[in-house]
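Colleague: Sequence and predicted model, in that order:
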Amino acid sequence: MRQRLLTLLTAAGLLAGSAGVANAGESGVVRTDAGPVRGTVAADHQLYQGIPYAAPPVGNLRWRSPQPVTPWTAVRDATKPGPACAQAGGAGQPSTNEDCLYLNVTTPSRHGRKPVMVWLHGGGNSYLSSDGFDARRMAVQGDVVVVTINFRLGFFGFLGHPDLPDSGAYGIEDQQAALRWVKRNAAAFGGDPRNVTVFGESGGAFDVCAHVTSPLSRGLIDKAIAQSGGCSITWPNNGIIHGFPASSPFVAKDKAAADAVALATQLGCADVACLRALPASAFTAIDRGLTPVVTGNRVLPVEPVDALRSGQFNRVPVIWGNTRDEGRLAAATIPEPFDYADLLKQAYGDKAAKVAAEYTPEKFGSARLAYGAVLTDRVWACTQLADDRLLSRKTTTYSYEFADRTAPVGFFADLIPPGFPPGAFHSSELAYLFDIVPFELNAEQRKLSQQMITYWTRFAATGNPNAHGLPTWPKYQHGITQSLAPNDIKQVNAYQDHNCAFWAAL
């Protein structure tokens, strides 16, 4: 069941592909700063895949900052994605390949200076890869260049060992290396290197928070979009994945160092040299769920939420939001017998009775739906709104809530109990921004998809999501957020709807 839940929480986009492309001729050749690449060409876009942006982090480069690629002279094939980074099999995509620092570029045209959008995939910094997200519609409709990247995951990307100075954020450093690649090479693909938006979902949204608060990302990003994840989020026992303990997306270096030493002992190693000599499979055999980013190093000198509180962050315009029913995805897959009272006790201890009285099965329709509301409100919505409040004091902030409660469930269908409505579940908005098989949208949902892509790409272009023909999206104020549903885009009081006053007082 745990593996099924991991799959549920992280698999969105796995089956996406790039349809409608043909083999490229010479017109598909682009010269990057490291060498020429040939991609695939279609009538309305070009796609370049598997472009290396850093040297393979293998051997002595394991747990080192990303290094430059070795240049090449012959035209490099860029018609297939690079391999997924080494990872456990919790999301159904096991890999032991550490040679994985590759990116993909989708462009409607190599002419002009289009906004560039750099996508950070979800998977809790433990799973998945960039090739599951077909960005053709976004690129063509929005007239933007979309870059999707692979970066080191799990122990390879986020080991904070005391013998490795400034360690624990190699995956973020990989992303920064990719952003520098974009600065150097965007123009060759029709992009504007002075107009770069980083956007990501779930684990990728945690990483967006890292870039907004990292001094090393200053000047690399001009705007940021965080989808279902931010700086303030924490979760109790079972709060993200059933069976996993309380945690957060970020961990202090002292705790990370203790965890790394314990890992080394578990693997029979006394030093980093021994750890570097182990095969990748020694690490991918250990599935620890979501992987936190280590703070207290040069990448993230302070906790991201503290950076927001102090105002010491990269003050770029942001879109920050979540889905209406985030927690239903986790609640859907908890095995029977479903013991609501025990789950609340595990999560909230002596405060469980107060939560149970506030979130009764009678009020929400069932114990499972009540628990989904607890997870939605406590873990996701109210922490996202806390970020919105802090961000809006210093920078232009737009807040949203994806609210299509009839969103397609795609390959999640067989994991959802009969009669349980998943609503606007965690990751449900992704099929409205990317083409993901087998998520089929109806006519009203396709219209919402077009509206969302326009909002996202106009924001990338101008720092303001508003455009002619779209419902007005005001800047964030006082817990009011833009609700995105088919034929029903409007402002709602998310702070009230998600009972945030209760959680603030608990």
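Modeller: Received the coordinates, thanks.
Colleague: hey, let's count contacts and neighbours off CA atoms from now on
Modeller: Fine.
Colleague: contacts for the lengthiest strand in the chain?
Modeller: Scanning the chain for the strand with the most residues, using DSSP state E, yields strand 191-201. Residues from elsewhere that reach strand 191-201 (Cα atoms under 8 Å, 6 or more residues apart in numbering): 110, 112-122, 144-145, 182-187, 205-208, 220-229, 427, 460-461.
Colleague: Can you say which of these are buried?
Modeller: 110, 113-122, 144-145, 182-183, 185-187, 205-208, 220-229, 427, 460-461 (16 or more other Cα atoms under 10 Å).
Colleague: quick one, helices of the stretch 51-200 of the chain?
Modeller: Assignment of helices within the stretch 51-200 of the chain using DSSP state H, counting those that start in this stretch yields the ranges 136-142, 154-158, 170-185.
Colleague: centroid residue for the chain?
Modeller: residue 204 (2.0 Å; Cα atoms, centre = their mean).
Colleague: what helix or strand is it on?
Modeller: Using DSSP states H and E, residue 204 falls within helix 203-213.
Colleague: Give me the pLDDT value at residue 207.
Modeller: On pLDDT, residue 207 comes in at 98.
Colleague: need the contact list for the nearest residue to it once chain neighbours are set aside.
Modeller: Closest residue to residue 207 apart from its sequence neighbours, by Cα to Cα, 6 or more residues apart in numbering: residue 172 at 6.9 Å. Residue 172 is in contact with 151, 157, 207, 210, 211, 299, counting by Cα under 8 Å, 6+ apart.
Colleague: Pipe the residues you listed into a markdown table and attach distance to residue 373 per row.
Modeller: Below are the contacts of residue 172 laid out as a markdown table (distance: Cα to Cα, whole Å):
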| residue | distance to residue 373 |
| --- | --- |
| 151 | 33 |
| 157 | 33 |
| 207 | 25 |
| 210 | 27 |
| 211 | 30 |
| 299 | 35 |
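Colleague: can you pull the buried residues of stretch 319-335?
Modeller: Within stretch 319-335, judged by 16+ other Cα under 10 Å, the buried ones are 319-334.
Colleague: Same question for stretch 140-155.
Modeller: So, applying 16+ other Cα under 10 Å, buried residues of stretch 140-155: 140, 142-155.
Colleague: Quick one: end-to-end distance for that stretch.
Modeller: 37 Å (Cα to Cα, to the nearest Å).
Colleague: Please renumber the chain so that the first residue is 46 from this point on.
Modeller: With the count now opening at 46, the last piece we talked about shows up as stretch 185-200.
Colleague: Relative to the whole chain's centre, how far out is that stretch?
Modeller: Averaged C-alpha coordinates place stretch 185-200 at 10 Å from its chain's average position (Cα atoms, centre = their mean, to the nearest Å).
Colleague: what is the nearest residue to residue 346 once chain neighbours are set aside paired to in the beta sheet?
Modeller: Excluding the flanking residues, the one nearest residue 346 by Cα to Cα, 6+ apart is residue 340, at 6.0 Å. Judged by DSSP bridges, the bridge partners of residue 340 are residue 297.
Colleague: distance of residue 340 from residue 214?
Modeller: To residue 214, residue 340 is 8 Å away according to Cα to Cα.
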